[in-house]
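Asker: Sequence and predicted structure, then a few things I'm wondering about:
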Amino acid sequence: MQNNLIIYNSLTKKKELFKPLNEPFVGLYVCGPTVYSDAHLGHARPAVIFDLLYRYLTHLGYKVRYVRNITDVGHLENDADEGEDKIEKKARLEHIEPMEVVQKYLNTYYRNMEQLNTLHPSIEPRASGHIIEQQEFIKTLLEKGYAYEVNGSVYFDVAGYNEKYRYGKLSGRVLEELQNNTRVLEGQDEKRNPFDFALWKKASPEHLMNWPSKWSTGYPGWHLECSAMSIKYLGEEFDIHGGGMDLLFPHHECEIAQSTAALGKESVRYWIHNNMITINGQKMARSLGNFITLDQLFSGNHLVLEQPYSPMTIRFFILQAHYRSTVDFSKEALQAAEKGLQKLLKAIENLNKIKPCASSTVDIDILKKRCYEALDDDLNSPITLSHLFDGVRIVNSLIDGTAKIDESGLKALHELFDTFVFDILGLKDESAGAGDEKLTDDLMKIIIDLRQDAKDKKEWAASDKIRNELKNAGIVLKDMKDGVEWEKE
RNA sequence: GGUCGGUUAACCGAGUGGCUAGGUAGCGGUCUGCAAAACCGUUUACGGCGGUUCGAAUCCGCCACCGACCUCCA
């Protein structure tokens, strides 16, 4: 199998040709959400970007196993001993079981991701279902001397690890500098060094989420689940690990340390990180309180929004920026995305009206080639879209009659949009399947006929009244050369 | 303070040492009974100051501003 896919590897800080370890198989692991509140716009970005990667790799013929974890064991709010588990905190606020919180927000997350037309990963493992694997992992680290136990908690010995391997290779950090810059936090007296991180934490009596272990009744450290689950499902070495850029340090750095210490070798070959969505120039995050949930976007129910934005508008908005750039949220940008998406989908719908000619004045193959080149160049979705908009212009010119296309070209044009817009970029026409379409079509035909009668008699007031009233009802009439079209606003 | 990244036209957002990114909005034209749509054309682009070069928005240096990470985070 051959491909020309080049991806930017955060580990080497270079664009590299993607070569899977065991063709045609590809192992892809992506950090999923901690489910303790509604999914927001920031969660949509990695979901859409890695969905694009999953779809593209699959399109290229690879057999991809896509694993995305769900963090549902809860972790300390801060690194202090008295820090409260964030899932538990929410549970107490809402007077429900911690796992009830998890279930509630997991359901919302899955629903939102389906609305965004992201495909479910092959495996969606939950940290709570892999406590044993995580404990086994800790045992290995203890046996190999990279971890130490204090009062029922187990910590990773970063300094010890750094003697043999290099801690900080992913985030470009140097341990000595880290020593000086790490914040002094409360309750760190158990650790040998402030930069050591927890593998297992002894639970305080009021900490509800806990599991038995040989060290204490407690819960696993945050970084551990990804190491344990990625290795379980994708093997000791696998191809791609993805996630948000904010996870680069410390999360992914710690993961590398754990896995490398346990296995004696590197586990991940390509690290891919998506950049953040910002709002007013600042990162959108739950902890900053400046987030807009996906349900709020889809419903328009938020102070800064003046209208709802459909899931596909959000998807298009995300795809219009390259994944390694920040993308700034604004209602103007979303409105532009909405219009652009409509234009694209409208052109695809209009493909069916085009009649082939004997000759062709347009070249579809070059567009197809450019779309592949764009995706191959570090998944450049905005460039792919720009070429598809060239295709839109071609479609509209064909309908206008200012261009001609032959039968094979028309077939290629259909395939171009089907492949790139629907299969790879994962967009879909949301207007389809609204129900009662037959009835609506029949009614519209009657109304349009009545208006045509008025027009034939040059009763412009009557025909305009029909058009205006329909407009008020949210239906736009367009008098085309070969008849009248209507669509919902 | 340390590490890393960004600054592109009205807005969003790509990109390259010399050749129109694209979307949205605006303006002019074509079409139309009018409108809408579409098509064609169009609007002080590349933070500032130097340098390298035949040529830089693109490479180098300095400065300014913004952001991310250094704590849970997509």
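Answerer: Structure's in. What do you need?

Asker: Going by C-alpha atoms from here, please, whenever you check contacts or count neighbours.
Answerer: OK.

Asker: Would you map the strands across the stretch 201-350 of chain A?
Answerer: A:218-220, A:238-244, A:268-274, A:277-279, A:282-283, A:327-329 (DSSP state E, counting those that start in this stretch).

Asker: Residues of the stretch 151-300 of chain A that sit close to RNA strand B?
Answerer: A:171-173, A:177-178, A:181-183, A:195, A:222, A:243-251, A:274-278, A:281-287 (Cα under 7 Å from any atom of the strand).

Asker: Strands along the stretch 51-200 of chain A, start to end?
Answerer: A:63-68, A:147-150, A:153-156, A:197-202.

Asker: In the first one, which residues are buried?
Answerer: Right, the one you point to is strand A:63-68. Neighbour counts using 16 or more other Cα atoms under 10 Å place A:64, A:65, A:66, A:67, A:68 of strand A:63-68 among the buried residues.

Asker: what is the fourth one paired to in the beta sheet?
Answerer: Read that as residue A:67. Beta-bridge pairing for residue A:67 (DSSP bridges): residue A:29, residue A:123.

Asker: how near is it to residue A:73?
Answerer: Shown here: residue A:67 relative to residue A:73, a distance of 18 Å by Cα to Cα, to the nearest Å.

Asker: Could you count how many residues lie near the nearest residue to residue A:389 once chain neighbours are set aside?
Answerer: In space, and not counting its chain neighbours, residue A:389 is closest to residue A:344: 6.9 Å by Cα to Cα, 6 or more residues apart in numbering. Neighbourhood size, residue A:344 [other Cα atoms under 10 Å]: 18.

Asker: What ranges in the stretch 1-150 of chain A fall below the confidence cut-off?
Answerer: A:1, A:75-84, A:94 (pLDDT under 70).

Asker: Which parts of it are helices?
Answerer: With DSSP state H, counting those that start in this stretch as the criterion, the stretch 1-150 of chain A has helices at A:41-59, A:86-94, A:98-115, A:131-143.

Asker: Tell me the buried residues in the longest one?
Answerer: Within helix A:41-59, the residues that qualify as buried by neighbour count (16+ other Cα under 10 Å) are A:41-58.

Asker: do it and RNA strand B meet at all?
Answerer: Yes. Looking at helix A:41-59 against RNA strand B by Cα under 7 Å from any atom of the strand, the contacts come from A:41, A:42, A:43, A:44, A:45, A:46.

Asker: Nearest spatial neighbour of the fourth one, chain-adjacent residues omitted?
Answerer: Meaning residue A:44. residue A:113 (7.3 Å).

Asker: That neighbour: what's it in contact with?
Answerer: Contacts here follow Cα atoms under 8 Å, 6 or more residues apart in numbering; on that basis residue A:113 touches A:44, A:47, A:119.

Asker: For whichever residue of chain A sits closest to RNA strand B, grab the count of nearby residues.
Answerer: When scored by Cα to the nearest atom of the strand, chain A has residue A:244 as its residue closest to RNA strand B, at 2.8 Å. Per other Cα under 10 Å, the neighbour tally for residue A:244 reads 21.

Asker: and it, what are its bridge partners?
Answerer: residue A:274.

Asker: And it, what's its pLDDT?
Answerer: Looking at residue A:244, its pLDDT stands at 95.

Asker: Next one: stretch A:378-396, is it in contact with RNA strand B?
Answerer: Yes. Looking at stretch A:378-396 against RNA strand B by Cα under 7 Å from any atom of the strand, the contacts come from A:380, A:382, A:383, A:385, A:386, A:387, A:389, A:390, A:392, A:393, A:394, A:396.

Asker: Neighbours of the closest residue to residue A:262 other than its chain neighbours, how many?
Answerer: Nearest residue to residue A:262, sequence neighbours excluded (Cα to Cα, 6+ apart): residue A:141, at 5.6 Å. Residues contacting residue A:141 under the criterion other Cα under 10 Å number 23.

Asker: now do the one 5 residues further on
Answerer: Residues near residue A:146, counting by other Cα under 10 Å, number 21.

Asker: so it sits right up against residue A:259, yeah?
Answerer: No. Residue A:146 lies out of contact with residue A:259 (Cα atoms under 8 Å); the separation is 10.9 Å.

Asker: Show me how chain A divides into domains.
Answerer: Per automatic domain parsing, the structural domains of chain A span A:6-274, A:278-424, A:437-488.

Asker: can you list these in CSV and add distance to residue A:430?
Answerer: Putting the domains of chain A into CSV (distance: least, Cα to Cα, whole Å) gives the following:
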stretch, distance to residue A:430
domain A:6-274, 10
domain A:278-424, 7
domain A:437-488, 12
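
Asker: Just to be sure, residue A:467 is in a strand?
Answerer: No. Going by DSSP: H, G, I helix; E, B strand; the rest coil, the assignment for residue A:467 is helix, not a strand.

Asker: any chance of the buried residues of strand A:63-68 in CSV, plus distance to residue A:365?
Answerer: Output for these, formatted as CSV (distance: Cα to Cα, whole Å):
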residue, distance to residue A:365
A:64, 28
A:65, 31
A:66, 31
A:67, 35
A:68, 36
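
Asker: So in terms of bridging, what pairs with the residue nearest to residue A:212 when sequence neighbours are not counted?
Answerer: Excluding its sequence neighbours, the residue lying closest to residue A:212 (Cα to Cα, 6+ apart) is residue A:218, at 6.4 Å. When bridges are called by DSSP bridges, residue A:218 pairs up with residue A:202, residue A:211.

Asker: Sounds good, over and out.
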